[in-house]
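Student: Sequence below, structure please.
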Amino acid sequence: MRLDPIEEPDGIRMRFVYWMMRRKFGTAMTPLKVVVARVPGLLGVNRAFQKFHTNKIQLEPELKLMVGTLVSKTNECGFCVDFTQSEAIREDLEMEKFNALAEYQTSPLFTERERAALAYAEEITRQKTVSDATFEELRTHFNDREIVEITVLNAMQNFTTLINIPLEIESDGLCAIARSETKTEQGEQTSVRSVQD
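Tutor: Numbering: from 1, shown residues only. You can find the predicted model right below:
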C-alpha cells in the first residue's frame, strides 16, 4: 500500500463512519482509511454510488454483482473483487458462477443474457469502447434502460478500481468475514429452531 491507513480519524463524523463500517462489514475498509479519511468529501460520492446501485438499478442482484466482479477481475483490483464477492455471500447467492467468471463465454452455468452483459462490460473495461457486434448482442437480451444500467454499473466499478489500484489497496478479507457471519447466523437459526422444537 502506498499510503498508510489512518486508523484514528479526525472528527466525530468520520469516527462514526468507521464504527458503522465495522458494524456492517466487520472492519473499517482500507479505502475508507486510506482515501476517504484524507478526502472526506468522497464519502458522499461513495454513499450516492451505493444508494444508486442498491435502490435504482433494477437488474437482478446476481447480474449486478457479476458485472462488478468481472470488471474488478479484469482490472486486477483485489479489494474490489473481495468486496463484490462478499456482497454476493451476504445476499446468499450461489458462488459457483462467481468462481467461474473467467469462463463465462463457454461455461454452461451462464445464460445468453448474462454472457451478453458480461462481454459488454469486459469489452468496455479493456478497450473503453465496444464493437457493433457486442452492442447488438446486448440489445438482443436487454431493453434500453437495462443497457444504460449495465453501462453505469461498469463505469462505477471502473471508478472504484482506478482509485484502489494505483494506491495498491488490496483485499481486506471481506469474503472470509461474510462467510463467518453467514455461518454464525445459520448456527443461531439452527439453535432457535432446536429450542422451538
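
Student: pLDDT at the most centrally placed residue in the chain, what is it?
Tutor: Central residue of the chain (C-alpha atoms, centre = their mean): T84, 2.7 Å from the mean position. At T84, the pLDDT value in this model is 96.

Student: tell me the contacts of it?
Tutor: Each residue near T84 by C-beta atoms under 8 Å, 6 or more residues apart in numbering is listed here: 65, 68-69, 72, 157. To be clear about C-beta, it is placed using only N, CA and C from the backbone, and glycine gets the same treatment.

Student: repeat for R126
Tutor: Here R126 is in contact with T74 (C-beta under 8 Å, 6+ apart).

Student: tell me the mean pLDDT for the helix or strand that it is a member of?
Tutor: Per DSSP states H and E: R126 is located in helix 112-127. The average pLDDT within helix 112-127 is 98.

Student: Ok, stretch 9-18 next?
Tutor: Stretch 9-18 carries an average pLDDT of 95.

Student: Centre of the chain to it, how far?
Tutor: In terms of C-alpha atoms, centre = their mean, to the nearest Å, the centre of stretch 9-18 is set 24 Å apart from its chain centre.

Student: So for that stretch, what gets flagged as buried?
Tutor: Of the residues in stretch 9-18, 9, 14, 17-18 count as buried by neighbour count, 16 or more other C-beta atoms under 10 Å.

Student: quick check, nearest of those residues to E123?
Tutor: V17 (35.7 Å; C-beta to C-beta).

Student: show me where the protein has helices.
Tutor: All helices of the chain, identified by DSSP state H, fall at 12-25, 30-31, 42-51, 61-75, 78-90, 96-99, 112-127, 132-141, 144-164, 174-196.

Student: E149 against E60, yeah?
Tutor: No: with contact defined as C-beta atoms under 8 Å, E149 does not count as touching E60 (10.8 Å).

Student: okay, those two: which has more neighbours?
Tutor: Neighbours per residue (other C-beta atoms under 10 Å) separate E149 from E60, with E149 holding more: 22 against 12.

Student: where's the residue lying closest to that one once chain neighbours are set aside relative to R13, distance?
Tutor: Setting aside the residues directly before and after it, E149 is nearest to I57 in space (C-beta to C-beta, 6 or more residues apart in numbering), at 4.8 Å. Distance check for I57 against R13: by C-beta to C-beta, to the nearest Å, it reads 28 Å.
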